[in-house]
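J.: Please find the sequence and the predicted model below.
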Amino acid sequence: MWFKNLRVYRLTRAFESSPEALAETLENFAFQPCGKLDPVRYGWVPPLGRHGTSLVHATNGNIMVCAKRQEKILPAAVVKEELDERVAAISAEEGRHVGRKERDSLKDEVIFDLLPRALAKSSMDFAYIAPSERLVYVNVTSSKRAEELLSALREALGTMSAIPLNSVNPPVASMTEWLRSSELPAPFQLGEECELQAPKDDRIIRCKNQDLTADEILNHIHSGMVVNKLALTWNDAIHFIVDDQLAIKRLKFDDKLLELAGERNPESAAEEFDTDFAVMSTELKQFVADLLNAFGGINESAPAIEADQ
């Protein structure tokens with residue numbers, strides 16, 4: 001359950017639904033598997049998986065939810081092969097060329113015919129709402145997946161205005177200055193990975209397992225390149241990469257945090273989940289606060305990109 005990626009969204013209004021009320025609301029939008037002709041299905045499942053039945057799990061005032069996405073897998077090569085065979089058959093039998101419009105129609109027929117036999121692939125996205133912080137923490141890599149989850153929450157609740165977390169100082173400018181000066185705000189330490197980009201021609205240099213304070217790196221900075229991604233460590237406890245959109249990737253919790261959760265000796269899967277959630281959410285609260293401070297604080301004037309339903 002420990003998050004591996006992180007996108008944080010700010011609630012523009014207080015979140016007033018209780019965990020019990022939210023669980024009841026989400027029941028109407030619970031996940032249902034794909035039918036024979038459904039290309040994709042999306043809905044809510046218990047965060048505890050087979051160890052629980054409730055669609056929410058609340059700990060220390062934070063509310064965890066889990067969305068399941070199931071989609072039929074139709075390899076493009078398979079669709080193309082079947083389509084080419086049908087086009088060839090028409091050309092041979094009727095002695096005519098199959099135009100683009102007819103080909104597109106045939107492609108739709110192929111997909112319709114193949115869907116019932118297609119395998120289904122499932123994935124789950126966890127997120128938790130922190131009402132006291134007015135934040136939503138989403139464990140996904142892409143903004144598209146995060147917005148899909150938030151849209152599903154908004155649909156269930158009827159209204160929920162959440163916007164991406166933005167900082168006062170642009171992350172690119174701050175990260176570039178940190179490398180240029182070799183000085184980072186406490187309690188952050190520099191890692192060994194970064195991505196540099198040249199604004200003028202979009203050249204990109206990716207550095208891994210490198211001393212980022214070395215002259216070789218600084219020369220790129222002095223030549224005008226900027227930092228798009230940077231590996232950092234927070235408080236000797238969380239290792240991560242932050243990008244120009246304040247998205248956190250390859251989030252890794254230090255062993256001491258995992259051991260701290262284990263020291264509570266949970267006796268069941270539910271207790272273990274509860275303990276991990278409590279430790280993780282406590283650390284992430286301070287982590288996000290410190291990260292925002294490092295970038296100059298929250299930019300509360302940032303426009304909302306998602307309107308209420």
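T.: Right, received. Where do you want to start?
J.: For the stretch 101-250 of the chain, just list every one of the strands.
T.: Assigned by DSSP state E, counting those that start in this stretch, the strands in the stretch 101-250 of the chain fall at 119-130, 135-138, 162-164, 188-197, 204-208, 226-234, 238-243, 248-253.
J.: And the fourth one, what's buried?
T.: Taking 16 or more other CB atoms under 10 Å as the basis for neighbour counts, the residues of strand 188-197 that come out buried are 188, 190, 191, 193, 194, 195, 196, 197. In short, each C-beta sits where N, CA and C put it, glycine included.
J.: ok, so of the residues you listed, who is nearest residue 182?
T.: Nearest to residue 182 among these: residue 190, at 7.8 Å, using CB to CB.
J.: Can you get me a residue count around the residue nearest to the closest one when sequence neighbours are not counted?
T.: Of all residues not flanking residue 190 in the chain, residue 212 sits nearest, at 5.5 Å (CB to CB, 6 or more residues apart in numbering). As a burial measure, residue 212 scores 20 neighbours (other CB atoms under 10 Å).
J.: re the thing from before, and the buried residues of strand 188-197, which is closest to residue 29?
T.: Nearest to residue 29 among the buried residues of strand 188-197: residue 195, at 37.9 Å, using CB to CB.
J.: The closest residue to that closest one other than its chain neighbours: how many residues sit nearby?
T.: Excluding its sequence neighbours, the residue lying closest to residue 195 (CB to CB, 6+ apart) is residue 229, at 4.0 Å. Residue 229 has 21 neighbouring residues, counting by other CB under 10 Å.
J.: ranges for the helices of the stretch 1-150 of the chain?
T.: Secondary structure of the stretch 1-150 of the chain, counting by DSSP state H, counting those that start in this stretch: helices at 19-27, 76-94, 100-114, 143-157.
J.: Turn those helices into a markdown table, including mean pLDDT, mean neighbour count and distance to residue 56.
T.: A markdown table is the format used below for these (pLDDT from 0 to 100; neighbours: other CB atoms under 10 Å; distance: least, CB to CB, whole Å):
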| stretch | mean pLDDT | mean neighbour count | distance to residue 56 |
| --- | --- | --- | --- |
| helix 19-27 | 97 | 17 | 4 |
| helix 76-94 | 92 | 12 | 38 |
| helix 100-114 | 92 | 13 | 36 |
| helix 143-157 | 96 | 18 | 11 |
